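In: the following block contains a protein sequence and its predicted model.
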Amino acid sequence: MWSLTASEGESTTAHFFLGAGDEGLGTRGIGMKPEESDSELLEDEEDEVPPEPQIIVGICAMTKKSKSKPMTQILERLCRFDYLTVIILGEDVILNEPVENWPSCHCLISFHSKGFPLDKAVAYSKLRNPFLINDLAMQYYIQDRREVYRILQEEGIDLPRYAVLNRDPARPDECNLIEGEDQVEVNGAVFPKPFVEKPVSAEDHNVYIYYPSSAGGGSQRLFRKIGSRSSVYSPESSVRKTGSYIYEEFMPTDGTDVKVYTVGPDYAHAEARKSPALDGKVERDSEGKEIRYPVMLTAMEKLVARKVCVAFKQTVCGFDLLRANGHSFVCDVNGFSFVKNSMKYYDDCKEGAPQAPCLSNTAPPETIEVLDITRLLLAELEKEPGGEIEEKTGKLEQLKSVLEMYGHFSGINRKVQLTYYPHGVKASNEGQDPQREALAPSLLLVLKWGGELTPAGRVQAEELGRAFRCMYPGGQGDYAGFPGCGLLRLHSTFRHDLKIYASDEGRVQMTAAAFAKGLLALEGELTPILVQMVKSANMNGLLDSDGDSLSSCQHRVKARLHHILQQDAPFGPEDYDQLAPTRSISLLNSMTIIQNPVKVCDQVFALIENLTHQIRERMQDPRSVDLQLYHSETLELMLQRWSKLERDFRQKSGRYDISKIPDIYDCVKYDVQHNGSLGLEGTAELLRLSKALADVVIPQEYGISREEKLEIAVGFCLPLLRKILLDLQRTHEDESVNKLHPLYSRGVLSPGRHVRTRLYFTSESHVHSLLSVFRYGGLLDETQDAQWQRALDYLSAISELNYMTQIVIMLYEDNTQDPLSEERFHVELHFSPGVKGGEEEGSAPTGCGFRPASSENEEMKTNQGSMENLCPGKASDEPDRALQTSPQPPEGPGLPRRSPLIRNRKAGSMEVMRESFVLQGFYFLRLHLSWWATGLFSSSRGPPPELKHGVGSQCTGLFSTTVLGGSSSAPNLQDYARSHGKKLPPASLKHRDGFEGCSMVPTIYPLETLHNALSLRQVSEFLSRVCQRHTDAQAQASA
């Protein structure tokens, strides 16, 4: 060994030793001047006065670890203490020299890594008895995940529910594995999918996550990072059959992992990164390092860090934390670990040195049981055709064939509901009103199948998610080829609190996953995104409702609606008063088209008969034998769905079941848009007539009068209204979210900014209901508010709520106002009716444009420090300032006066938003329109339509520009397409196969602003008042 001293400074730097024989470390130590030779340093040392007694700190680790940047940074800081001398044992010494020849030390920092002889380090510690920074014997336990989990459990530290499968002949009682399609049973413990399978060896990083069939099945295979990949998706759903594993419950973490690093029991640093299980792509910085951002720990998590540090006797220790369902769970302990690229952390280490969660539909066993019962009943009918079984053989055969589809069970594809009727029920096509005749108690089985998200629907959801990034600050910035980089920057730096909720319908969940994929620029399959990001279980009716359990008000409304539409006479003034008391523009237009409802139903039925006849003729044509329709449908399946509608629409009594009108409209719209190549006659007229009927039936089923609409609406979405109210009132941050730690952040100019987003994907009933609450609940007096009057007129003209209907509530905070002032927060309300329907070009109603008040704010002077740089050329480590260069169209004539918050824009000027006026959160963003019907053995309503795409106007993007010549949030997606080589088809482009014809921009109606100057108090009091009225009414009814 030989001694080195650093150059002289204000204080004497500690001696620093390097182990002999370590060629990898070279001959220069930390603190040396580059021009000084080794001999000169040794000669200088002989002339010095002997230093004070030193504490010798030995570093015993593999060269890759001891020479790493974090270790170097720490050692440089340790050497600033006068009383410390650091010795680094070279790798050659560690591997080849006996421990008796190792230099002695007072304090030893030694830790295991690949190739490290832990046995020799233990022997050295017994020989020299140094003070151990990290206990060596405990490092044996850290290499075995079974021991890690045992210790965590003994210390009372929360960890996921788990079981150990030991494939050891000496321990046969721990090797019991029973694998089902959607679960495994390990030694008696059942783990439904999704679950995690970990090798017992901590050195084996091949961790698998198995997904339920309801989410698409398959598995995500994690491994030690290779290039830009950390995991891949595999269609394989069976667990591994060799080796020993830990099986544990999967914890949904919203796509984020938290790494915690301790330096002693009283210090913990945390960093968050994108979960490797999300899409498998590793986000790296310009130096090739994985991107991580420091986040804050809660008081409870700090206590957990202390427990881990003490329990494993590892002063410097890293472990993995999962934040799920409001709790924190430790899932791995890594031992000696350092934070990379954090100068604040390195300084803290130096200061510390002297003080040495499910998806619903995850349980298909019930569906399997229904299939088994069906098979048994069919077998009984075959033996005794005239037995006690009353059900028709045809329906049982249909039930069996549907449940046997696809070769596997999946809640995404099929759903079975059982509803008990204490007074009995008859099938609707028998012409009997179940409310008028008391029958024996009955159990109604409703089977829904299909329900798969079409390729068109997937593209529309994903592209809309991508465009939706532009709603956020810096939305027009284009960083690394991505538009909307403001949101991506916020999210990647953990200043974006995102939660996604979806109802339990598979198609809704897949839409949510596709939207999230586009919003967050994720890659790969939707299944991992769905499992990681989308919450759908245990929401207590937040987004789901029992469609078969109607309130008394709904029964009255449906009965009156049926009565009015069964009259074989032209609509008269009384009919308009009875059916359209709200004077809705779209409703009045549809009634004008219909005139006589029975005559129109006769025409619709005749067109359906003609359609089924044409399909049968096509099936007999030899050229149609192998004909595949859109999304792999066959002519036989097409005939089945139309034949069922033909049977169910006209009852035996000759009356029409108007509840089938929405199904008829959905089916013909689907075929017109996706199967137009068949050239079936009469579909255009059937589409026109069924749409007119549907535009009356669908909205009026949710109430005819204002009072009925409000009563039914609150009954449907009361939990959702309460959740929105809670979201709006929660202006402070939750402790459980992954939030950037401002003290440790590097390269983030606004570390205090934090935006909350809540996305809700739900059913048509919730969409209509929420709109009814806003329209008829008394939010504002339209006679006193011109902006609200225009909004109500626009909503009145909307005839249909389609796939991807959007209701957007934005909450802004002005930090310059008094915290108790009503001006502190303001709320904006925006709306889009979703995908364009079958309207003729230009016939759709238009609102007053997308007018967020944040973009209408008065012109500001550029403040270079007020907002992060979104321009890639400005600061490589903080690309957060949007540069607007394209001129915007001028405002049109007759536009409403700008609000007091308007900010003009100049072409080519730098976009700057005041730090004091920031987006607090998108508290309620997306409402997905479900397309499922609820009939006995009825197939689901057709998948979301895919219409002609084009750039016929600027309104084909996400936002309407009717009023403003653009806003700081509104994206110019056409410019984006041109700059990135995207080709948008002309508006006249017709689709043949659907998916291939999808353009980059989904044809979705642009967002229109309903109101941009609501106070938070107004909205909160309104929602509270609506909820309280419903609660009081229920209490009065039950009294």
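Out: Great, that's in hand.
In: rest of the way, CA atoms for contacts and neighbours
Out: Fine.
In: what's the span of stretch 205-218 from first residue to last?
Out: 19 Å (C-alpha to C-alpha, to the nearest Å).
In: now it: average pLDDT?
Out: The average pLDDT for stretch 205-218 rounds to 92.
In: same check on stretch 266-284?
Out: Mean pLDDT, computed over stretch 266-284, is 85.
In: likewise stretch 660-678?
Out: In this model, stretch 660-678 has a mean pLDDT of 91.
In: adjust the sequence numbering to begin at 106 for everything that follows.
Out: Renumbered: residue one is now 106, and that last one reads stretch 765-783.
In: can you pull the buried residues of it?
Out: 765-781 (16 or more other C-alpha atoms under 10 Å).
In: again with stretch 405-416
Out: 406, 407, 408, 409, 410, 411, 412, 413, 414.
In: okay, it in PDB with CA atoms only?
Out: The C-alpha trace of stretch 405-416 is given here as PDB (Å, rounded to 0.1, in the frame of the first residue of the first chain):
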ATOM      1  CA  MET A 405     -45.200   6.600   7.400                       C
ATOM      2  CA  GLU A 406     -42.800   5.800   4.500                       C
ATOM      3  CA  LYS A 407     -39.900   7.400   6.400                       C
ATOM      4  CA  LEU A 408     -40.700   5.200   9.300                       C
ATOM      5  CA  VAL A 409     -40.600   2.200   6.900                       C
ATOM      6  CA  ALA A 410     -37.200   3.300   5.600                       C
ATOM      7  CA  ARG A 411     -35.900   3.400   9.200                       C
ATOM      8  CA  LYS A 412     -37.300  -0.100   9.900                       C
ATOM      9  CA  VAL A 413     -35.700  -1.500   6.700                       C
ATOM     10  CA  CYS A 414     -32.300   0.100   7.500                       C
ATOM     11  CA  VAL A 415     -32.300  -1.300  11.000                       C
ATOM     12  CA  ALA A 416     -33.800  -4.700  10.300                       C
END
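In: identify the residues contacting it?
Out: For stretch 405-416, contacts defined as C-alpha atoms under 8 Å, 6 or more residues apart in numbering pick out 256-257, 260, 262, 365, 367, 369-373, 420-422, 433.
In: state the mean pLDDT of that stretch.
Out: 91.
In: stretch 194-206 now?
Out: For stretch 194-206, the mean confidence score works out to 93.
In: buried ones in that stretch?
Out: Quick answer for stretch 194-206 (16+ other C-alpha under 10 Å): 194, 195, 196, 197, 198, 199, 204.
In: any buried residues in stretch 476-487, and which?
Out: Across stretch 476-487, burial judged by 16+ other C-alpha under 10 Å covers 476, 479, 480, 482, 483, 486.
In: whoops, stretch 366-374 was the one
Out: Residues 366, 367, 368, 369, 370, 372, 373, 374 are the ones in stretch 366-374 that count as buried (16+ other C-alpha under 10 Å).
In: need the distance between the two termini of it.
Out: Stretch 366-374: ends 5 Å apart by C-alpha to C-alpha.
In: kindly report the same for stretch 194-204.
Out: Taking C-alpha to C-alpha, the first and last residues of stretch 194-204 lie 11 Å apart.
In: at which residues are the helices of the stretch 306-455 of the chain located?
Out: Using DSSP state H, counting those that start in this stretch, the helices of the stretch 306-455 of the chain run over 404-416, 448-457.
In: swap that for the stretch 156-305 of the chain, sorry
Out: 168-171, 174-183, 196-201, 223-233, 243-247, 250-259.
In: hey, least reliable of these by pLDDT?
Out: helix 174-183 (a mean of 84).
In: let me see the contact set for residue 647.
Out: Per C-alpha under 8 Å, 6+ apart, neighbours of residue 647: 608, 822, 824, 825, 828.
In: mind redoing it with 10 Å?
Out: 606-608, 641, 821-828, 865, 867, 871 (C-alpha atoms under 10 Å, 6 or more residues apart in numbering).
In: just the closest of the residues you listed to residue 735, please.
Out: Closest to residue 735 out of the contacts of residue 647 is residue 867 (25.3 Å), distances taken as C-alpha to C-alpha.
In: my guess is that closest one contacts residue 617, does it?
Out: Yes - in this structure residue 867 lies within contact range of residue 617 using C-alpha atoms under 10 Å: 9.4 Å.
In: pick out whichever of these two has more residues nearby.
Out: Shown here are residue 867 and residue 617; by other C-alpha atoms under 10 Å, residue 617 has more neighbours (32 against 26).
In: now do that one against residue 392, distance only.
Out: Relative to residue 392, and taking C-alpha to C-alpha, residue 617 is found at 34 Å.
In: same question, residue 297
Out: In terms of C-alpha to C-alpha, residue 297 sits 41 Å off from residue 392.
In: same check, this time on residue 673
Out: Taken as C-alpha to C-alpha, the span from residue 673 to residue 392 is 76 Å.
In: more neighbours, the two?
Out: Remark: of residue 673 and residue 392, residue 673 carries more neighbours, 13 against 7, as counted by other C-alpha under 10 Å.
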